[in-house]
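Novice: Pasting a predicted model and its sequence here:
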Amino acid sequence: MATVVSIFPILLWTMMAFQANPLQAKGIQVLPPANFTLTVTALAKILLQWKPNPDQEQKNYTVRYDVEIMTPVWEVYDTKYTHSTRTAVLHNGFSARIRTLLLYNNSQIESNWVTAKLQAPSGAVETSVTNLSCVIYTAINNIASLNCTWLAGEMAPKDTKYFLFYRYNSYTEECQEYSKDKWERNIGCRFPYTYIKTSEIGQLVVIHINGSSKYTAIKPFEQLFYENTIEKVNPPRNVTMSLKQNNLQINWEEPVSFFQNTCFEYELSIHNLKMGYKQILKTKANSFELLIDDTCRYSIQIKANRQSWCNEGFWSDWTDPLYIGKDQPGTPIDSKASMVLSALVVSICSMAMLIAIICRRCHLWSRLFPPIPTPKTNLKYLFLNNNYQRARSCTSETETEIGSYPEDFRSYTEDLYSDVLEDSVI
């Protein structure tokens, strides 16, 4: 009895399996697709194509295909067609596989997988660009500009030339306005006009950057951006303010955009110039009320962005500041000016003292302005010495005569001394 009980579940499972898969029960063989190929048709755009296996048995079966993208990003889907298009970055290669599905009476059977690969483009390691960042700006006339910046690869030679292309739908364009680093390598690009339409929500922008160098092969790089997520929102428009007693009323209009008004959120920067403090307030409305001290002067600025549920982009720039309130004595405008003036005076004095100390320690004054040398011998004694020498020469010639008349010699020396004194005085 126990043996019969243990065999019964096995028989029941076998019967259910045959009922679940009548195609297998009939011994039908499913063959994989034929001629599976991968073709790059545009920047970051790849076409997957295949054909039904010609040896597959043709009956009243529904045929579909399982597609699995393995790189660069894993994705699985099925289709009834014999082709499929995908957008993906290709700088690291691309690989996918496919199999046939036969469906009949709510049951299916699968073939083996068929795989195809695209090799990664050649290029040296760490020569491709890094830190790629792009921003879209939308003008009032719906003309979108595109700005991108990046860093050169760590191992990229100094002579590397990078070239940027963008693709939007079927439009592809190469950059014509580059910014450069100190080695003249392109590290930024500006498109003043593009085919990008920010009114088309959810569209991809493909950025492709390749390069060249005479020293090594430069590896290309691709990145995908959803246009609305890299759009820099325009600032709010027509900001007005009114003050009644202490009640400040601020009104504005939504930014220029194809998004509805309810998409936006705002930040207000309210700066009390007298007290010197600032507060940031958030709102989703187009107006704001605030109690303020009407004896103080305030500056008001506003910026905008889309909310996360509405394809959040980059915050806009702040609006130009608007001022309201009264200027009081001692407002930060005056205090800041006095503080700047005081700091300037202190800096000048400190600098003068420092220069004086340095000059004193390094004897710069004596080096820059050396003293004028003075004669070591007094002019008086110099003249005396010269006249004395002359006197000696004279006395040698008249030694006999003077020696016989002492009074005459005394008077002669006295006259000579008086002449020397007069010369020295002159």
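Specialist: Perfect, thanks for sending it.
Novice: measure stretch 205-220 end to end?
Specialist: Length of stretch 205-220, first residue to last, C-alpha to C-alpha, to the nearest Å: 17 Å.
Novice: And stretch 177-193, by the same measure?
Specialist: In stretch 177-193, first residue to last residue: 11 Å (C-alpha to C-alpha).
Novice: in that stretch, what counts as buried?
Specialist: Across stretch 177-193, burial judged by 16 or more other C-beta atoms under 10 Å covers 178, 185-189, 191. To be clear about C-beta, it is placed using only N, CA and C from the backbone, and glycine gets the same treatment.
Novice: what does it rub up against?
Specialist: Residues outside stretch 177-193 that contact it (C-beta atoms under 8 Å, 6 or more residues apart in numbering) are 143, 145-152, 156, 158-164, 166, 173, 175.
Novice: swap in stretch 200-214?
Specialist: 43-45, 87, 127-129, 132, 134, 136, 146, 148, 150, 156-157, 159-169, 196-197, 218, 220-228, 230, 311.
Novice: taking those residues one by one, which sit in strands?
Specialist: Those of the contacts of stretch 200-214 mapping onto strands are 45, 87, 132, 134, 136, 146, 148, 150, 161-168, 221-226, per DSSP state E.
Novice: now the stretch 251-400 of the chain, which segments are flagged as low pLDDT?
Specialist: Residue ranges of the stretch 251-400 of the chain with pLDDT under 70: 327-339, 361, 363-400.
Novice: Where do the strands of it begin and end?
Specialist: 264-272, 277-283, 287-291, 297-306, 322-325 (DSSP state E, counting those that start in this stretch).
Novice: Relative to Lys59, which of those strands is closest?
Specialist: Judged by C-beta to C-beta, the one of the strands of the stretch 251-400 of the chain that comes nearest to Lys59 is strand 297-306, at 53.7 Å.
Novice: Please name every helix or strand in contact with the closest one.
Specialist: strand 237-244, strand 247-253, strand 264-272, strand 322-325 (3 or more C-beta pairs under 8 Å, 6 or more residues apart in numbering; DSSP states H and E).
Novice: ok, which stretches of the protein are helices?
Specialist: In the chain, the segments counted as helices under DSSP state H are 2-20, 22-25, 332-362, 364-368, 379-397, 399-404, 406-425.
Novice: any idea how this protein splits into domains?
Specialist: Annotated domains of the chain cover 22-118, 130-231, 238-325 [automatic domain parsing].
Novice: what would these look like in TSV with distance to Ile355?
Specialist: Output for those, formatted as TSV (distance: least, C-beta to C-beta, whole Å):
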stretch	distance to Ile355
domain 22-118	59
domain 130-231	35
domain 238-325	35
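Novice: all strands in the stretch 51-200 of the chain, in order from the N-terminus.
Specialist: 62-71, 75-79, 83-87, 94-104, 107-110, 114-118, 130-138, 144-151, 161-168, 171-174, 178-180, 186-191.
Novice: can you redo the ones you listed as TSV with mean pLDDT?
Specialist: As requested, these are exported to TSV (pLDDT from 0 to 100):
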stretch	mean pLDDT
strand 62-71	94
strand 75-79	95
strand 83-87	96
strand 94-104	92
strand 107-110	85
strand 114-118	96
strand 130-138	95
strand 144-151	96
strand 161-168	97
strand 171-174	96
strand 178-180	96
strand 186-191	96
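Novice: Contacts only, for the residue nearest to the spatial centre of the chain.
Specialist: Of all residues in the chain, the one closest to the mean position by C-alpha atoms, centre = their mean is Thr149, 6.8 Å from it. Contacts of Thr149 were listed using C-beta under 8 Å, 6+ apart, and they are 131-134, 179, 187-189.
Novice: Make TSV from those residues and add distance to Gln245 to it.
Specialist: What follows is the contacts of Thr149, written out as TSV (distance: C-beta to C-beta, whole Å):
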residue	distance to Gln245
Asn131	52
Leu132	53
Ser133	47
Cys134	48
Ser179	52
Ile187	55
Gly188	51
Cys189	53
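Novice: just to revisit the earlier point, just the domains of the chain: most buried one?
Specialist: domain 130-231 (a mean of 17; mean count of other C-beta atoms under 10 Å).
Novice: and Leu224, what are its bridge partners?
Specialist: Per DSSP bridges, the residues bridged to Leu224 are Val206.
Novice: hang on, it packs against Val89?
Specialist: Yes: under the contact definition of C-beta atoms under 8 Å, Leu224 touches Val89, with a separation of 6.4 Å.
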